Structure formats: C-alpha cells, structure tokens
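S.K.: got a predicted structure plus its sequence, pasted below:
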Amino acid sequence: MHCEGVIVGRSRKCVYSAGTASGDDMPQLPLAELIELAIALIAVGALAGFLAGLFGVGGGAILVPVLYELFRIMDVPLEARMPLCVGTSLAIIMPTAIRSYLAHRNHGSVDMNILRKWAIPVLIGVVLGSVIARYAPERVFKYVFVAVAWSAAFRLIVGRDSWRIGDDFPAGPLMRIYGLIIGILSTLMGIGGGLFSNLLMTLYGKPIHKSVATSSGLAVLISIPGTIGYIYAGWPAAAKFPASTILQFPLAIGYISLIGAIMVMPTSLLTAPFGVKAAHAMSKRTLEIAFGLYLLIMGSRFAIALVYK
C-alpha cells in the first residue's frame, strides 16, 4: 500500500493506493505546518519560562497545561494529547533538574538521607507510572492533574506555616510508600516531584530551602527514567495515528515531542529571569496565592475537559 499525503485542516490524511512499501511511503511533513508549529512552541517556551521564573517551579505544573492547549490547536488526537504533554514535559525538565541538583549539592543543601530512602521507591513508582501511561485512557492523566493541582492550590491559598503532620519523617515503611506515590503521580503528571515532596517535607517540619534542594534530586530520579518510559509508552502512537504529523518521527519519538523539547528549552531559559524579577517585586504570600490561583484555574480547565470533552 502507498500513502499519499493530503492536507485536511491541520492534519495530514493518508490516502492509500496500491504499491510496494518503501522509504517513499514515509509521511511527507508539510513545511507550512512545521513553521506554524515551531513558532507556537517558541511562544510556549517563552510563556512557560516566565511563569516558571515567577512561581519558582519548572515542571509539569507550568508546561503541561500550556502544551495541552498548543497540541489541542494542532489537532493532536485526544487519546494521545495528554500523554504527549506529560512525556514532553519530563524531557524538557530533565537538563534543568540535573543542573539544579548539582548546584544545590555543591551548596550542601540536599538532604541525602531523605533522597537515599526515597530513591528506590521513586524509581519503582516511575516504572509503574510509565506502564500505566501506556495502557491507561487519556482521562486518567487529567484526573491526576486535577486532583494534584487542586490539592496544591488549596494548600497554597489557605494553608498556614503552622500546619504539621509531625516533627520528622516516619522511620517505617510509610516513608517508602511516600516515595512510591511521588514516583507514580509525578510520572503521570509530568513533573519533577517538587509539588509532592515540598508539601510533604514542609508538613514534616523541614525548612523550605532544604525541601526545594532535595526535590531537585528527586526531579533527576523522575525525569530521566520517566522520559525513557514515555518513549516506551508512546511507541505505537505514530502507527496508530498516521494522520497526525506531530506524532511522527523525527518530530516525536513515542510520547516525547522532540521538536517541542528542542524549541521550548532555549526560550524558556531566556524568559525565566524576567519571571524571577517579577517575583522579587511580589511578597512571598502574594506569590503563593498567585501560584495557587494558577493551579486552581489549570485544574479547573482539565476538570471541564473531563465533563465536556
């Protein structure tokens, strides 16, 4: 069978005719669509970088909602849209996570004791999350994002520094269960684990600076195997959705949008300092409320999508 590319809207439809399978059967990627996608990704990177600098986070809490809107506009099939956002987010935060962890470790801020206890459970959680990502329906990713975003928003908007679960982490299996949950949910949400680990560590009385530093180590443990896991999870996507240009190699590999990662990373690094400057002009409490409202709105966006898809 021979596939002839026909552009319908933003998607390339395949019209099959008799012929011999060969290298010529590979999808022909429309130049206009590629240019449009590249410009959109640069804009996404600029926005994500500014918001990451403003709110002090650089993972899926910022990237996934923005990428989702972009991939929706680009007509990525609904079934593949959310996992593509999550996988691409993990790939994008990987170099930042490594750089951040090394910087925090050089300053002696990382709590290596916590990191060692969580390392294996987190890795197991990432593997389980990757398997879930391959077989779970698209709605599962939205449920996870909504639940986590709304929970974090509640903590940021109405929480108090005096809220505590205990003065130190438990010594038993509960500590490892925490790590397993962090690994699974972070992999399904496309984040480095900071939302969960920072919340847990502060609830157990850990200073916020040490919590942030330790979370950077978790981001490395989550983003690297998580990226590999989403390549595995999305491996059948290109063949399953041949009319979706953005899912085809070399624009993507599995559920990792290569062009997305390449175009978003540089612009996000350029605009992040402007977000940092804006953050310094705001009080800590104002920032918490602003980020909480952002998470509330983004969580609500996905909640609406679950109801009216």
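M.R.: Sure thing, it's come through. Here the structure is a predicted model, which is why all the values come from computation and not from measurement. Numbers count the residues shown, from 1 in each chain.

S.K.: pull the distance from the helix or strand encompassing Ala46 to the chain's centre.
M.R.: In this structure, Ala46 sits in helix 31-55 according to DSSP states H and E. Centroid displacement of helix 31-55 relative to its chain, using Cα atoms, centre = their mean, to the nearest Å, is 15 Å.

S.K.: next structured bit after that helix?
M.R.: Using DSSP H and E, the first helix or strand after helix 31-55 is helix 60-73.

S.K.: which helices and strands sit right next to the host helix or strand of Thr227?
M.R.: Per DSSP H and E: Thr227 is located in helix 208-233. Helices and strands touching helix 208-233, by 3 or more Cβ pairs under 8 Å, 6 or more residues apart in numbering; DSSP states H and E, are helix 78-106, helix 112-135, helix 173-189, helix 194-203, strand 256-257. C-beta here means a position set from N, CA and C on the backbone, and glycine is covered the same way.

S.K.: weakest of the ones you listed by average pLDDT?
M.R.: Mean pLDDT is lowest for helix 194-203 out of the helices and strands packed on helix 208-233, coming in at a mean of 76.

S.K.: these two touch, right, Leu128 and Leu185?
M.R.: No - using Cβ atoms under 8 Å, Leu128 makes no contact with Leu185, being 10.5 Å away.

S.K.: who has more neighbours, these two?
M.R.: Counted by other Cβ atoms under 10 Å, Leu128 and Leu185 do not tie: Leu185 has more neighbours, with 19 against 16.

S.K.: one step back: so after the helix holding Thr227, what's the next helix or strand?
M.R.: Criterion used, DSSP H and E; the element after helix 208-233 is helix 237-240.

S.K.: OK, contacts around the closest residue in space to Ala119 that isn't next to it in sequence?
M.R.: Among residues not flanking Ala119 along the chain, Leu221 sits closest, at 6.1 Å (Cβ to Cβ, 6 or more residues apart in numbering). Contact analysis of Leu221 by Cβ atoms under 8 Å, 6 or more residues apart in numbering lists 118-119, 122-123, 126, 183, 193.

S.K.: sorry, back to before: name the surrounding residues that touch the helix holding Ala46.
M.R.: Contacts for helix 31-55 (Cβ under 8 Å, 6+ apart): 7, 10, 12, 58, 61-63, 66-67, 70, 73-74, 245-246, 251, 259-260, 263-279, 287, 290-291, 294.

S.K.: buried subset of these?
M.R.: Buried by 16 or more other Cβ atoms under 10 Å: 10, 12, 58, 61-63, 66-67, 70, 74, 245-246, 251, 259-260, 263-265, 267-269, 271-272, 275, 278-279, 287, 290-291, 294, out of those.

S.K.: does Val76 touch Thr88 like I think?
M.R.: No - applying Cβ under 8 Å as the test, Val76 and Thr88 come out as separate, 10.9 Å apart.

S.K.: all set, thanks.
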